[in-house]
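A.B. asks: Build me a model:
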Amino acid sequence: METDWIVGYGPPAEKFHEKIIRILAGEGTFKALSAAYAKNPKDVPTVFGLARKYGDRYNLKKSSELYKAVIALDPQGRAGTYKLEYDKIEVPYTEYAEFALGADLIYSDSPDPAPLQAFLKKYPATKLDKQVYQRLSYFYGYQAPKDKAGEFFAEYAARFPDDPDVLNMWLTRVVRDKEPLEKGGELAAALEKMSERHAVRAFNETMAQFYALKGEKAKVAEIYGKDFMGGQVSSLAYDLLDYASFWAGQGANTEDALAMADLALKLKPDQTYVTQQVAGVYLKAGQEAKALEIFGPAWLQKNSDKANNFVSYASFWSNQGKNLDGALAAAIKAVEMKPDTYYMWSTLSNVHLKMKAYDEALAAAQKAIDKADNEQVKEFLKKSLDRIKAAKEKDAKK
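C.D. replies: Numbering: from 1, shown residues only. Model prediction:
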């Protein structure tokens, strides 16, 4: 007899390894459950566990037989509960068995939504409501008549008004039917608003399909064109950088952190901010030479056409307290290129301060004040002047 089986794999590897350890220990395996069932076929947890095993193996005939046995043995649902780890909910064995029987019928050769609909009436406050509607949406999204589909999705959206997935499934059905276009327009507008702060590729693709159906080419390009995908790439790059910076700062998971930083740089190789952040990740990881390779003299030489590149370079390395000679040279060049811009002088002042060249820092700070054309900025820069004086006095007392 087989000991057990695991259908599919999902990270992290540690969780999968835990499953292997449990199998080796004989905990909750198909073999152990089968042996327990042979001894006592009326023990509900055992029968239910075996039903789940057969269900995982897609042996629906056997799992259905066992789920029905669970219901017959414990019609009131008092024999124990089943915890759905992914969904973080817990329901009685009997309730889940009734749900599973209805869900299996949705994907059968003769799909029937009636059992799941009856389940909702029997358990109006069930924690499995989202799972029930998700299964039903498969039937109503692909197989039910148009009018019935509309009724179902209206009910689904009313039940979960803040879930954009529901609107996306409903709009997908409208696109498939090519009607009703008026309702499709309402759904597309609502979906666009609901997801405007966090664009989801699948949602935008569905909306683009709808607008393509209506012949609105400009809207298709707006929703799912070059700018949209550029935003997705940028968002991914920033997410990768946040991840890399976090772990590099923790001094752990460093190999993966650096790999993600490298990937961000591949996605946005010409963006100064991304280049700086990747260099910062390598500095956190204690790899200054690599940081200089990424955002050092070679980068500056390649990007020497703009004063802002020089000032960005100087500001970055000044803040890091490293490569200060390079930062000073870059700050001086920025001032030469834009001598009438206050923040060029302010950056030069900051570099001199880091190098403890206080007189030069004060002179540059005063220049920044003179070049500023805004009183609020002047007041801020004057505070910088005071900080330099205080640092000079403090250093003189040592």
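A.B. asks: quick one: low-confidence ranges for this protein?
C.D. replies: 1 (pLDDT under 70).
A.B. asks: domain ranges for it?
C.D. replies: If you go by automatic domain parsing, the domain ranges for the chain are 161-224, 226-295, 306-398.
A.B. asks: Need the contact partners of stretch 278-286.
C.D. replies: Residues outside stretch 278-286 that contact it (C-beta atoms under 8 Å, 6 or more residues apart in numbering) are 241, 244-245, 248-249, 254, 257-258, 261-262, 264-265, 288, 290-292, 294-296, 316, 320, 322. C-beta here means a position set from N, CA and C on the backbone, and glycine is covered the same way.
A.B. asks: let's see 6 Å
C.D. replies: For stretch 278-286, the external contacting residues (C-beta atoms under 6 Å, 6 or more residues apart in numbering) are 244-245, 248-249, 254, 261, 265, 290-291, 294-295.
A.B. asks: Filter those residues down to the ones in helices?
C.D. replies: Using DSSP state H, the members of these that fall within helices are 244-245, 248-249, 254, 261, 265, 290-291, 294.
A.B. asks: burial of Q301, as a residue count?
C.D. replies: A total of 8 residues lie near Q301 under the criterion other C-beta atoms under 10 Å.
A.B. asks: K338 too?
C.D. replies: For K338, using other C-beta under 10 Å, the count is 18.
A.B. asks: Kindly report the same for A363.
C.D. replies: 16.
A.B. asks: which stretch of helix or strand covers it?
C.D. replies: Using DSSP states H and E, A363 falls within helix 358-371.
A.B. asks: helices or strands up against the very next helix or strand once past that helix?
C.D. replies: Following helix 358-371 in sequence order, the next helix or strand is helix 375-396 (DSSP H and E). For helix 375-396, the packing partners by 3 or more C-beta pairs under 6 Å, 6 or more residues apart in numbering; DSSP states H and E come out as helix 358-371.
A.B. asks: isn't there a helix covering V91?
C.D. replies: No - V91 is assigned strand when assessed by DSSP: H, G, I helix; E, B strand; the rest coil, not a helix.
A.B. asks: Across the sheet, point out what pairs with it.
C.D. replies: Judged by DSSP bridges, the bridge partners of V91 are Y82.
A.B. asks: show me where the stretch 201-350 of the chain has helices.
C.D. replies: For the stretch 201-350 of the chain, applying DSSP state H, counting those that start in this stretch gives helices covering 201-213, 217-224, 226-250, 254-267, 272-284, 288-294, 297-302, 307-320, 324-337, 342-354.
A.B. asks: now those helices as JSON lines including distance to A361?
C.D. replies: Output for these, formatted as JSON lines (distance: least, C-beta to C-beta, whole Å):
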{"stretch": "helix 201-213", "distance to A361": "49"}
{"stretch": "helix 217-224", "distance to A361": "49"}
{"stretch": "helix 226-250", "distance to A361": "29"}
{"stretch": "helix 254-267", "distance to A361": "33"}
{"stretch": "helix 272-284", "distance to A361": "23"}
{"stretch": "helix 288-294", "distance to A361": "24"}
{"stretch": "helix 297-302", "distance to A361": "22"}
{"stretch": "helix 307-320", "distance to A361": "11"}
{"stretch": "helix 324-337", "distance to A361": "11"}
{"stretch": "helix 342-354", "distance to A361": "4"}
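A.B. asks: right, so of those, which gets closest to A69?
C.D. replies: Closest approach to A69 among the helices of the stretch 201-350 of the chain is made by helix 201-213 (39.5 Å; C-beta to C-beta).
A.B. asks: contacting residues around the helix holding A363?
C.D. replies: Contacts for helix 358-371 (C-beta under 6 Å, 6+ apart): 340, 342, 345-346, 348-349, 352-353, 378, 381, 384-385, 388, 392.
A.B. asks: buried set for it?
C.D. replies: Buried residues in helix 358-371, counted by 16 or more other C-beta atoms under 10 Å: 358, 360-369, 371.
A.B. asks: okay, those residues in JSON lines with distance to D104 next?
C.D. replies: Listed next are these as JSON lines, based on distance: C-beta to C-beta, whole Å:
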{"residue": "Y358", "distance to D104": "78"}
{"residue": "E360", "distance to D104": "78"}
{"residue": "A361", "distance to D104": "75"}
{"residue": "L362", "distance to D104": "79"}
{"residue": "A363", "distance to D104": "80"}
{"residue": "A364", "distance to D104": "75"}
{"residue": "A365", "distance to D104": "74"}
{"residue": "Q366", "distance to D104": "79"}
{"residue": "K367", "distance to D104": "77"}
{"residue": "A368", "distance to D104": "73"}
{"residue": "I369", "distance to D104": "76"}
{"residue": "K371", "distance to D104": "75"}
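A.B. asks: rewinding a little: quick check: ChimeraX command selecting the buried ones in the ones in helices among the contacts of stretch 278-286.
C.D. replies: What follows is the ChimeraX syntax for the buried subset of these, where burial is set by 16+ other C-beta under 10 Å:
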select :244,245,248,254,261,265,290,291,294
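A.B. asks: Relative to S234, which of the ones in helices among the contacts of stretch 278-286 is nearest.
C.D. replies: Using C-beta to C-beta, the ones in helices among the contacts of stretch 278-286 come closest to S234 at L265, 13.0 Å.
A.B. asks: And that closest one, how far from T275?
C.D. replies: According to C-beta to C-beta, to the nearest Å, L265 stands 7 Å off from T275.
A.B. asks: Then L120?
C.D. replies: Distance from L120 to T275, by C-beta to C-beta: 54 Å.
A.B. asks: before we move on, the earlier item: can I get the domains of the chain in CSV with distance to Y67?
C.D. replies: Rendered in CSV, the data for those read as follows (distance: least, C-beta to C-beta, whole Å):
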stretch, distance to Y67
domain 161-224, 27
domain 226-295, 41
domain 306-398, 62
